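Peer 1: sequence first, then the predicted structure:
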Amino acid sequence: DSISSSSLENPFAASYLVDKFGLPSEYASQVSKDLHFKSHEQPESVINLLLTHGFALPDVSNLVRRAPRVLQFSAESIVTKIEFLRSRGASSRDVADILVRNPQILECSLENHVIPAYGFIKGEIRSDRKALAVLKRRWNFLSGYADASVSINVLRHIGVPQSNIAHVLLTNPGILFMPDRVKQTVEELKVRGSDPSKKTFVSALMVKCEQGESKWREKIDAYKSWGWTEEEIFVIFMKFPRFMSNSGEKISAVMDFVVNKLGWGLSLIETYPRLPGVSLEKRIIPRDSVIQSLLSRGTIEKKSYGPRVFLLSEADFLDKYVRRYEFADELLQLYRKVRDESQLKGGSESCDEAEMPL
């Protein structure tokens with residue numbers, strides 16, 4: 001078998017991929033079986049063609065790494081796809097971004113696959129600009145839009161507004177490729193009383209669909225360990241779906257800080273369900289250090305310290321709790337020191353809230 005496999009390899013193509021694009025030798029040898037060029041002429045002509053149509057060298061490299069077969073496509077095949085995207089309003093930069101993320105556009109028939117799939121997307125979103133934005137996301141729309149159509153019909157049947165369907169397609173199209181999971185989640189949400197006509201319905205659908213059952217249970221268990229019932233957790237989730245977007249570990253870490261260190265009760269967190277999504281290292285611990293300093297000076301009263309402190313934008317927090325005081329430099333130094341230390345200790349954890357640099 002190994003002799004047969006080796007005989008199918010294209011040594012020239014494999015060497016070309018390694019030398020020109022830095023592909024690993026083993027991978028280059030494997031994909032070379034589908035490449036038929038025996039000289040530099042064909043692949044170089046494709047590279048030059050892409051460069052003349054607005055691709056930068058890194059774009060070409062990324063495209064070839066994802067789809068080496070593009071190097072043997074005809075100029076006509078490539079140009080017709082580029083011209084189609086340009087006819088829809090895509091700039092040269094847009095075309096490069098779209099094809100790097102979705103190289104299957106170059107591999108499939110324009111008439112039989114690309115145009116029908118694009119028509120499906122635009123039909124749901126009603127805008128070329130937004131349809132092109134969907135294509136900039138990395139997802140296999142050519143093979144997946146049949147499943148997406150099934151999912152969309154499910155949503156339309158239960159009364160999800162077209163604008164909310166378009167929102168799903170634009171922001172999280174991947175879940176639409178799982179019609180069975182969409183159907184199951186739709187039923188779960190309806191049983192819980194979620195209203196399909198509301199934006200929170202599709203937000204909850206996206207959050208629930210994009211995670212497996214084990215991850216979901218992990219988050220449920222994390223919240224239950226602090227005293228909530230599963231029913232209470234679901235009520236909060238349906239009001240603010242991102243309540244279930246964070247890992248069980250992150251949920252537990254934030255809850256431990258705000259409950260055990262700050263002494264806040266569950267009812268307060270229910271009122272501010274965004275709180276578990278805030279970064280402990282970047283926001284909560286550094287801002288708490290500033291507030292504790294202000295409290296110790298008697299500058300502010302304890303009753304004024306609540307979750308809103310952690311939900312303010314960076315600029316608003318600094319204006320309200322740092323820059324307004326005569327000792328602002330001292331507070332700012334403390335804030336930066338604690339933030340840097342906590343990030344080094346806990347890693348650079350992401351946060352749902354917008355963060356602005358100091």
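Peer 2: Received, thanks. Note that the coordinates shown come from a computational prediction; the quantities given were computed from them, not determined experimentally.
Peer 1: any idea which element residue 51 lies in?
Peer 2: Element membership for residue 51 (DSSP states H and E) is helix 41-52.
Peer 1: what's the angle from the very next helix or strand once past that helix to helix 41-52?
Peer 2: Following helix 41-52 in sequence order, the next helix or strand is helix 57-66 (DSSP H and E). Note on geometry: by axes from the mean of the first three to the mean of the last three Cα atoms, to 10 degrees, helix 57-66 and helix 41-52 are set 130 degrees apart in direction.
Peer 1: return the helix or strand in this protein with minimum mean pLDDT.
Peer 2: Sorting the helices and strands of the chain by mean pLDDT, DSSP states H and E puts helix 2-8 at the bottom, at a mean of 49.
Peer 1: next structured bit after that helix?
Peer 2: Beyond helix 2-8 toward the C-terminal end (DSSP H and E), the next one is helix 11-21.
Peer 1: going by neighbour count, list what's buried in that next one.
Peer 2: Buried residues in helix 11-21, counted by 16 or more other Cβ atoms under 10 Å: 13, 14, 16, 17, 18, 20, 21. Where you see a C-beta, it was placed from the backbone N, CA and C, and this is true even at glycine.
Peer 1: dump those residues to TSV, plus pLDDT and distance to residue 79.
Peer 2: As requested, the buried residues of helix 11-21 are arranged in TSV below (pLDDT from 0 to 100; distance: Cβ to Cβ, whole Å):
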residue	pLDDT	distance to residue 79
13	91	23
14	91	27
16	89	23
17	92	23
18	93	28
20	92	22
21	92	22
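Peer 1: so how far does stretch 66-82 reach from one end to the other?
Peer 2: 18 Å (Cα to Cα, to the nearest Å).
Peer 1: chain center to it, what's the gap?
Peer 2: 28 Å (Cα atoms, centre = their mean, to the nearest Å).
Peer 1: if you count contacts, what does the helix holding residue 51 end up packed against?
Peer 2: Judged by 3 or more Cβ pairs under 8 Å, 6 or more residues apart in numbering; DSSP states H and E, helix 41-52 is in contact with helix 57-66, helix 75-87.
Peer 1: which of the ones you listed sits most buried?
Peer 2: With neighbours defined as mean count of other Cβ atoms under 10 Å, the helices and strands packed on helix 41-52 peak in mean count at helix 57-66, which reaches a mean of 17.
Peer 1: quick check: angle from it to helix 11-21?
Peer 2: Going by the same axes, to 10 degrees, helix 57-66 makes 140 degrees with helix 11-21.
Peer 1: who touches helix 57-66?
Peer 2: The contact list for helix 57-66 (Cβ atoms under 8 Å, 6 or more residues apart in numbering) reads 17, 21-23, 47, 50-51, 55, 70-71, 96-97, 99-100, 103.
Peer 1: still on that earlier bit, export the buried residues of helix 11-21 to CSV and tack on distance to residue 88?
Peer 2: Formatted as CSV, those follow (distance: Cβ to Cβ, whole Å):
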residue, distance to residue 88
13, 33
14, 36
16, 33
17, 32
18, 36
20, 31
21, 29
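Peer 1: picking up where we left off before, residue 323: which of the helices and strands packed on helix 41-52 is closest?
Peer 2: With Cβ to Cβ as the criterion, residue 323 lies closest to helix 57-66 of these, at 41.0 Å.
Peer 1: ok now that closest one, how far from the chain's centre?
Peer 2: So, by Cα atoms, centre = their mean, the centroid of helix 57-66 is 21 Å from its chain's centroid.
Peer 1: could you list the domains of the chain?
Peer 2: The record's domain parsing of the chain by automatic domain parsing lists 1-106, 108-210, 278-358.
Peer 1: would you tell me which of those gets closest to residue 222?
Peer 2: domain 278-358 (14.0 Å).
Peer 1: state the mean pLDDT of the closest one.
Peer 2: Average pLDDT, domain 278-358: 86.
Peer 1: with distance to residue 179 added, can I get the helices and strands packed on helix 41-52 in a markdown table?
Peer 2: Listed next are the helices and strands packed on helix 41-52 as a markdown table, based on distance: least, Cβ to Cβ, whole Å:
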| stretch | distance to residue 179 |
| --- | --- |
| helix 57-66 | 26 |
| helix 75-87 | 28 |
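Peer 1: who wins for proximity to residue 318 among the ones you listed?
Peer 2: Nearest to residue 318, of these and by Cβ to Cβ, is helix 57-66 at 36.8 Å.
Peer 1: picking that back up, farthest pair in the contacts of helix 57-66?
Peer 2: Every pair of the contacts of helix 57-66 checked by Cβ to Cβ; the farthest is 17 and 97, at 22.7 Å.
Peer 1: hmm, back to that, residue 323: which of the contacts of helix 57-66 is nearest?
Peer 2: residue 97 (39.5 Å).
Peer 1: so who does residue 241 touch?
Peer 2: 200, 203, 204, 206, 207, 208 are the contacts of residue 241 under Cβ under 8 Å, 6+ apart.
Peer 1: go again with 10 Å.
Peer 2: Residues counted as contacts of residue 241 (Cβ atoms under 10 Å, 6 or more residues apart in numbering) are 189, 194, 199-208, 273.
Peer 1: my guess is residue 73 meets residue 36, correct?
Peer 2: No: applying Cβ atoms under 10 Å as the test, residue 73 and residue 36 come out as separate, 11.4 Å apart.
Peer 1: settle it for me: which of those two has more neighbours?
Peer 2: A direct count of neighbours by other Cβ atoms under 10 Å for residue 73 and residue 36 places residue 73 higher, at 16 against 11.
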